[in-house]
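S.K.: Quick one: sequence and predicted model below, then my questions.
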There are 2 protein chains.
Amino acid sequence: MKEKFEEAARFLRSHDNYEILTHDYPDGDTLGSGYALCMALQQMGKNARVITTSVPKDFLFLQAGVAFQRFEAQTVVSVDVADEKLLGCNREKYEGKIDLCIDHHMTNKINAPLKLVDGHAAANCEILYKLFRYMDIKLTREIANNLYAGVSTDTGCFRYTNTTAETLRIGADIIEIGCDSAYINKIMFETKSRKRIALEREIYDTIEYCFNNRCAIIAVTLDTQKRVGATDGELEGLASIPRQIEGVEIGITMREKAEGEFKVSIRTNGGVNAAQICAKLGGGGHTAAAGCTVKGSLSEAKQVLKEAVAEYV
Amino acid sequence: MKEKFEEAARFLRSHDNYEILTHDYPDGDTLGSGYALCMALQQMGKNARVITTSVPKDFLFLQAGVAFQRFEAQTVVSVDVADEKLLGCNREKYEGKIDLCIDHHMTNKINAPLKLVDGHAAANCEILYKLFRYMDIKLTREIANNLYAGVSTDTGCFRYTNTTAETLRIGADIIEIGCDSAYINKIMFETKSRKRIALEREIYDTIEYCFNNRCAIIAVTLDTQKRVGATDGELEGLASIPRQIEGVEIGITMREKAEGEFKVSIRTNGGVNAAQICAKLGGGGHTAAAGCTVKGSLSEAKQVLKEAVAEYV
């Protein structure tokens, strides 16, 4: 990796007028990577700005410390973007124009002249932390806040299985710099909106246990979403609810996207292969987390899912 | 602290036949401290056993690696016990007999000839980790599992404000030894019993917002506990529910302990002093987390609480 860092460092030093791209539906890791890199470049005397599709209100504080600069863009860097498809409304403008791609997805598909990709990093901000150390960037409190937001987003605050000893040591270094970890943890992990509480309450009523309680299904219909007034923010992370129920090996989350069309997330514990189940229904994913789309009424879609699951329990 | 470690090390080397006491309603930190110390002593060729009041089923795995030894007890060590009152059913037998007290509570009140107390440690297992390193104890996978369980219990897996850079570095070292952090995180933080889910659903129905939504109150009556079949395990950690609602500064959790008697937990965000509110009702605690007992029917008790809160919002 040292050579890769040297290449990236040389690139960043020898170019200017940067646009930094995040992925669509931006989370703490892509935004944290973007703003941290932007501030690092500005510290180096470069012009830089972040190009994103939106900034959720909880993440607005990450922008603190970024200077607004007017300049004509010359160099494009993507951060935490595995595929140009994920650029959302910025895709058309930037497709094929990424000069440097910094990412932590094993499956990165971006075709850029220079790539700094480490699929073993728990968060993209881990890579940036190492790059900044390599380049002797001064890690200000603002940069540290962005790196912390990225690392904690992608590890569930050091809770997910991707957390390594190195992740924790990077977290320690960032906290020592003086980042606002308490504030960030509070807004990211200890706050639920009233709508989210209302949504969870409704969802609890829909839990259906089947196959001797080894499978649990929850459903969020359009009707429920409308009644609660749930936005995308409230609908995030629901897929962890059925899997975390004691004894459940297959947790299924059905979210009605359009009348009679359900986006399905399957999360598994232990041996069951979620990707295999979803592949049968035209979807795909990873062993423990996969997805697909099923059409029909709620009860029809449920029946299709149960049949698909049947041979795996 | 170095002298303190040297004193404790000398004590542990020069004595034998240990009984290690945990606090009542034992959690991951007191049990993790107990079993880790027990294994360390056995590694030193000593006899040792843990004396506790119960072991929740989720923590039974912590005992793996402890040898069962028959011996007549000579030396008593307490771990994570702030006060002899907290020994539960073991209090009568061991009161006044603790030879060495290892604890991380600032407010430790135990009167023992030797004390190793560090109120700045996020978890008691942090102190034990440092003691073991100082004493050159080999940190086996089993000892590491206990230390990890302790540290992650008391920091909410590195999420609470007591988490320091040192806590994260200790976590990194323990993970590097090869502890089962993924398994421990899963059972401690990513698993809910079906009863717990049912209880949360019932609780969501009781949320009452008052004082312009700056205060939220939840209530668990005896009737609800009975209907759901909730045990102490299911009732743990409910107090975080009202405080985590967006905009809520005072989160109140009422749990009916006996007919017409409510154990009340108050958790606050920002400036409100929970201890002051509870003190007015005969209770006490810390600035952000305090408790008291209020008598009366649910609506009477609620009224008393609202009046106590009124002057603080």
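M.R.: All right, it came through fine. Residues are numbered from 1 along each chain as shown, chains lettered A, B, ... in the order given.
S.K.: quick one, helices of chain A?
M.R.: Applying DSSP state H to chain A gives helices spanning A:2-14, A:28-43, A:91-94, A:124-135, A:141-155, A:165-177, A:181-189, A:194-206, A:222-228, A:232-235, A:240-243, A:274-280, A:298-310.
S.K.: Looking at those helices, which is nearest to residue B:245?
M.R.: For the helices of chain A, the distance to residue B:245 is smallest for helix A:194-206, at 6.1 Å, taking C-beta to C-beta. Heads up, the C-betas are built off the backbone N, CA and C, glycines and all.
S.K.: List of residues touching that closest one?
M.R.: A:192, A:217-220, A:224-225, A:227-231, A:233-235, A:238, A:241, B:197-198, B:200-201, B:204-205, B:207, B:209, B:213, B:245-247 (C-beta atoms under 8 Å, 6 or more residues apart in numbering or on different chains).
S.K.: Kindly recompute the last result at 6 Å.
M.R.: Helix A:194-206 is contacted by residues A:218-219, A:224, A:228-230, A:234, B:201, B:204 when judged by C-beta atoms under 6 Å, 6 or more residues apart in numbering or on different chains.
S.K.: what does stretch A:54-63 give?
M.R.: Residues outside stretch A:54-63 that contact it (C-beta under 6 Å, 6+ apart): A:31, A:35, A:146, A:149, A:187.
S.K.: Flag every residue of the stretch 151-300 of chain A that's near chain B.
M.R.: A:157-159, A:161, A:165, A:168-169, A:171-172, A:175-176, A:182, A:185, A:189-193, A:201, A:204, A:244-246 (C-beta under 6 Å from any C-beta of the partner chain).
S.K.: Could you report the pLDDT at residue A:112?
M.R.: Residue A:112 carries a pLDDT score of 98 in this model.
S.K.: neighbours around residue A:52, how many?
M.R.: 21 (other C-beta atoms under 10 Å in any protein chain shown).
S.K.: Surely it is in contact with residue A:26?
M.R.: Yes. Judged on C-beta atoms under 6 Å, residue A:52 makes contact with residue A:26 at a distance of 5.2 Å.
S.K.: Any idea how many residues pack against the residue nearest to residue A:295 when sequence neighbours are not counted?
M.R.: Leaving out its chain neighbours, the residue that sits closest to residue A:295 by C-beta to C-beta, 6 or more residues apart in numbering or on different chains is residue A:261, at 5.3 Å. Residues near residue A:261, counting by other C-beta under 10 Å, number 14.
S.K.: bridging residues for residue A:261?
M.R.: Listed by DSSP bridges, the beta-bridge partners for residue A:261 are residue A:258, residue A:295.
S.K.: What pLDDT is listed against the residue nearest the centre of chain A?
M.R.: Centroid check for chain A by C-alpha atoms, centre = their mean gives residue A:27 as the closest residue, at 5.1 Å. The model reports residue A:27 with a pLDDT of 92.
S.K.: Ok, residue A:288 next?
M.R.: Note on residue A:288: pLDDT of 86.
S.K.: Touching, it and residue A:269? I think so.
M.R.: No. In this structure, residue A:288 is not within contact of residue A:269 by C-beta under 6 Å, at 7.6 Å.
S.K.: can the helices of chain A go into a markdown table with extra columns for mean neighbour count?
M.R.: Below are the helices of chain A laid out as a markdown table (neighbours: other C-beta atoms under 10 Å in any protein chain shown):
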| stretch | mean neighbour count |
| --- | --- |
| helix A:2-14 | 14 |
| helix A:28-43 | 27 |
| helix A:91-94 | 13 |
| helix A:124-135 | 23 |
| helix A:141-155 | 26 |
| helix A:165-177 | 21 |
| helix A:181-189 | 18 |
| helix A:194-206 | 18 |
| helix A:222-228 | 15 |
| helix A:232-235 | 15 |
| helix A:240-243 | 21 |
| helix A:274-280 | 20 |
| helix A:298-310 | 17 |
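S.K.: right, and these - which one's nearest residue B:20?
M.R.: Among these, helix A:165-177 sits nearest to residue B:20 (C-beta to C-beta), with 27.8 Å.
S.K.: Identify the structural domains in chain A and state their residue ranges.
M.R.: A:2-189, A:194-312 (automatic domain parsing).
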